[in-house]
Every structure is written in structure tokens, then in C-alpha cells.
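Enquirer: Just a sequence and a predicted model for now, questions to come.
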Amino acid sequence: MIKQFVAESACLECRGCCRFQKQESAWSPCLLEEEMLELADRPGIPAVNISIEKKIIPIPDIGNKSFVCPFLNLEDNKCKIYATRPFECQLYPFLIAFRDKKILLTIDLNCPYVAEKANSQEFKDYVQYLTDFLNSPQQLKVLKDNPQILQAYEEVLDVVELQDPHEIK
């Protein structure tokens, strides 16, 4: 489990994450191979549709003309699988992007908590923690084995360049 940057109380109040303007969204989380298998085998987990790109397909949010993650409980804004949520969900609002032949740790500036803390020492310390974590041999192997999580996000801030997982032996 990845140490979290955004305070839980801030997430529960925001109501920005896990919601999408369209059903096929670059922002919908991609799943690692092992996460797809775990979701299929876990009892009590609602069935979800997964795209060919291994992305969770959001479901319509009736009345709001938008889409939501099928794991989001709209009544309390909590994730139904929070303790075992996908890797990308654990990282958010940080994202791993592939741009200009580089692997980048980026941040979604639409997160109000990050916008408020982006210049703080807490933010800098967390970026260092994530950089070390994502550049570890174990995580580089995860990235190498799951290229689908390297997305070309727009409207993000590049934070740091990560090691290219394809350069590991």
C-alpha cells in the first residue's frame, strides 16, 4: 500500500475524484495484471467492465449526465474497495505519464488539496518518497510488466522524471 498524501477528510469533501465527463476517459484507472485477476476472484465485489486497455469502465451517474467509477459509493463518497484499491488509485492525484519518450511523475492540478500544498515541504518530501518508491527495482518491474498505466495525461504538472523501466535488466 502506498503512503497517501491527500488527507482522507479532504477527499471525502471534494467529490472530484472517481468521476468522469465521458465513459471512455484517460482519467479512468488502468489495472495491473494482478489487480484484474484479484478483482475477478474477490467475493462481494460488484462486477465491473474493463476495457481492452485494462481500464475500469465508468458507469452512468444518472441525473448528473456524467460517469462514475463502479466502486464509488455515491451516498458517502467512499470507495467500496478502498483497502485494496488499484495501484493508480493509490497514487492519485499523482500519475505516471509517458511523454516525449520519458516516464514522468505528474500531478493532477484539479485536486484542490494538492493545489494548496504544492509548494510545501510536505509536498516535496512526498515527491521524494514516491520517486524513491517508483524507482525501486520491484516497482520498475511492475511498470515494465504493465505499460498500460503509462498514460498521456493532459492538464497535469510534471513533477519529476522517473527511471525508464525498460532500461532495467
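Expert: Looks like it came in fine.

Enquirer: How confident was the prediction at the spatially most central residue of the chain?
Expert: A centroid search over the chain (CA atoms, centre = their mean) returns Glu88, at 2.8 Å, as the residue closest to the centre. Looking at Glu88, its pLDDT stands at 94.

Enquirer: any idea how far it lies from Ser28?
Expert: Using CB to CB, to the nearest Å, Glu88 is found at 9 Å from Ser28. (Glycine included, C-beta is placed from N, CA and C.)

Enquirer: any idea which element the closest residue to Lys78 other than its chain neighbours lies in?
Expert: The shortest distance from Lys78 to any non-neighbouring residue, by CB to CB, 6 or more residues apart in numbering, is to Leu12 (6.9 Å). Using DSSP states H and E, Leu12 sits within helix 8-14.

Enquirer: name the helices or strands packed onto that helix?
Expert: helix 112-117 (3 or more CB pairs under 8 Å, 6 or more residues apart in numbering; DSSP states H and E).

Enquirer: Packing partners of the helix it packs on?
Expert: Applying 3+ CB pairs under 8 Å, 6+ apart, we find helix 112-117 packed against helix 8-14.

Enquirer: Isn't Trp99 up against Leu150?
Expert: Quick fix: residue 99 reads Arg, not Trp. No: contact between Arg99 and Leu150 fails when scored by CB atoms under 8 Å: they sit 9.3 Å apart.

Enquirer: Who has more neighbours out of these two?
Expert: Comparing Arg99 with Leu150 by neighbour count (other CB atoms under 10 Å), the higher total belongs to Leu150, at 18 against 15.

Enquirer: What does that one show for phi and psi?
Expert: Leu150 adopts backbone torsions of phi -90, psi 100, taken as degrees, to the nearest 10.

Enquirer: Over to the residue nearest to the centre of the chain. Which of the three states is it?
Expert: Classification of Glu88 using DSSP: H, G, I helix; E, B strand; the rest coil returns helix.

Enquirer: May I have the predicted confidence score for the closest residue to it other than its chain neighbours?
Expert: Computed as CB to CB, 6+ apart, the closest residue to Glu88 that is not its neighbour in sequence is Pro29, at 4.1 Å. Predicted confidence (pLDDT) for Pro29: 91.

Enquirer: how does this protein divide into domains?
Expert: Following automatic domain parsing, the chain resolves into domains at 8-82, 93-167.
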